[in-house]
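[1] I need the structure of the sequence given here:
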Amino acid sequence: MKRSRKYFSRLILILATIALMSCKKETAREIVTERPPTPVKTTPAKIITFVNKLTIQGTLEAEFYANVAAKIDGVLEEIWVDEGDAVESNKTKLFMIDNRKQEQNEIVSRQAALVAAQNHKVALANIDRAKAAAKKAKLDMDRFTRLREQGAATANELELHQTNCEQAEATLNLAMAQAEAAKEQVAQAEAAYQIAKKDLEDCTILAPLTGTVVARMKEPGEQASKSAPVIKIKNLDKLEATAFVPGNYYDNIQVGKTKIALAANGTDAGTYVVTYKAPTIDTTLRTFEIKAKLDKVPGNTTLAPGMLVGISIVLDTRDGLAVPSHSVIQRAQGHLIFIEKDNIARQLLVNIGYEQDGFTEITPKPEQNLPLQPGDQVVAEGQYLVKDGDKIQR
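    Okay, here's the model as predicted:
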């Protein structure tokens, strides 16, 4: 009887232990199911203006410049300017070529033109004399023709005057031909004189534009030619930015519309409009050249030809819904964000657009029935710790 009681007590103890363990498991399951909300930080979505830019490097150049070469071949006698000198268009003398030689040529050519003109006058006077002789010979022949008809002159006398008349006509024709040749000689001599005169004028070279001498490539005594520059001049007050753009952006650049922003030595150098676009794309480099005139340079910026500048080309601008770029997650199903709705994380698949200053342009994918409006809270920190439907706490 005592043994039965002992077994019965043990059975009750075992059943009580099992019941207690079952209660603990159920309590633990309830604790796991009801875990606390995940702490996160959110940022409101907002509308900003996105600017699609292409950033490249370019160079500043003088808009107006001239490589000044000699107009005639010869020896440099004088060079009157040096690097850094300011020059004025059509006033400042730059250099001189073979002036003494050209002066002599001009004198000789001018004298030759005068002689040719005098010879032409002599030839014209010979025409007048030949005309008078031909007229006299014609009158004599006509008189002896009538005398012959009357029997008062012999046939020999008539033939003599006929011959004289023919010779006079021939002399007149010769005089007229000589006068024509003398006229041509006058024209040739005058042309030679004008060339010599122009060569003398071309000995002294004037500055073709107002600016500054930036290079002097030759010295007095050296040989100059039409193909070899002696002086290089640039107008430092009129600058333009030049750059080469990848060919796939050719349609995005519009002359007079597309804007570029310049940065020189880390300083804003202003915004300007594209004033030139190359008509073709280089077949080797697959780039094309653009230029922009720097019409209003900021007063605190010092720019000079040859300077390397950063160029940001504004390709497109538009307003779009923006979220912090780090809030966008990329997973197998695509790009997504989490937004907060009544303290619940809601997953939203999105298409991304432009990126700018730490923000990304997004548009929700249309197949979702979850709109996103400016001001909606987007999970910006802790987004990798939550999933769709989780409780969150800001």
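[2] for the residue nearest the centre of the chain, give the beta-bridge partners.
    Per CA atoms, centre = their mean, the C-alpha nearest to the average position across the chain is that of Lys291, at 3.6 Å. Under DSSP bridges, the beta-bridge partners of Lys291 are Thr242, Tyr276.
[3] gap between it and Lys138?
    Distance of Lys291 to Lys138, computed by CB to CB, to the nearest Å: 79 Å. Yep, even glycine has a C-beta here, placed from its N, CA and C like the rest.
[4] roughly how far is the longest helix along the chain from the heart of the chain?
    Longest helix of the chain, by residue count under DSSP state H: helix 99-150. Taking CA atoms, centre = their mean, to the nearest Å, one finds helix 99-150 lying 64 Å from the centre of the chain it belongs to.
[5] and what of stretch 90-101?
    Using CA atoms, centre = their mean, the offset of stretch 90-101 from its chain centre is 33 Å.
[6] measure it end to end?
    Stretch 90-101 has its terminal residues 24 Å apart, counting by CA to CA, to the nearest Å.
[7] buried stuff in it?
    Neighbour-count burial for stretch 90-101 flags Thr92, Leu94, Phe95, Met96, Ile97, Asp98, Lys101 (criterion: 16 or more other CB atoms under 10 Å).
[8] give me the nearest residue to Arg129, chain neighbours excluded.
    Excluding its sequence neighbours, the residue lying closest to Arg129 (CB to CB, 6 or more residues apart in numbering) is Ala175, at 7.4 Å.
[9] against Ala125, how distant is that neighbour?
    9 Å.
[10] go on, Ala191?
    Taking CB to CB, one finds Ala191 at 24 Å from Ala125.
[11] so for stretch 88-98, mean pLDDT?
    Across stretch 88-98, the average pLDDT comes to 92.
[12] so what touches that stretch?
    68, 70-81, 87, 202-210, 224, 230-231 (CB atoms under 8 Å, 6 or more residues apart in numbering).
[13] are any of these buried, and if so which?
    68, 70-72, 74, 76-77, 79, 81, 87, 202-205, 207-210, 224, 230-231.
[14] shouldn't Gly382 be in contact with Thr42?
    No. The pair Gly382 / Thr42 is not scored as a contact, 9.1 Å apart, by CB atoms under 8 Å.
[15] more neighbours, those two?
    Using other CB atoms under 10 Å as the criterion, Gly382 and Thr42 rank with Thr42 on top: 21 against 17.
[16] outline the domain layout of this protein.
    What automatic domain parsing lists as the domains of the chain is 37-59+239-394, 98-185.
[17] in CSV, list those domains along with distance to Ala196.
    Below are those laid out as CSV (distance: least, CB to CB, whole Å):
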stretch, distance to Ala196
domain 37-59+239-394, 39
domain 98-185, 4
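[18] closest one to Val214 among those domains?
    Val214 sits nearest to domain 37-59+239-394 of all the domains of the chain, at 7.6 Å, using CB to CB.
[19] mind checking how far the closest one is from the chain centre?
    26 Å.
[20] likewise stretch 77-91?
    Centre to centre, stretch against its chain (CA atoms, centre = their mean), the figure for stretch 77-91 is 28 Å.
[21] now stretch 191-205
    How far stretch 191-205 lies from its chain's middle: 37 Å, per CA atoms, centre = their mean.
[22] for it, which residues meet the burial criterion?
    Neighbour counts using 16+ other CB under 10 Å place Ala192, Tyr193, Ala196, Asp199, Leu200, Asp202, Cys203, Thr204, Ile205 of stretch 191-205 among the buried residues.
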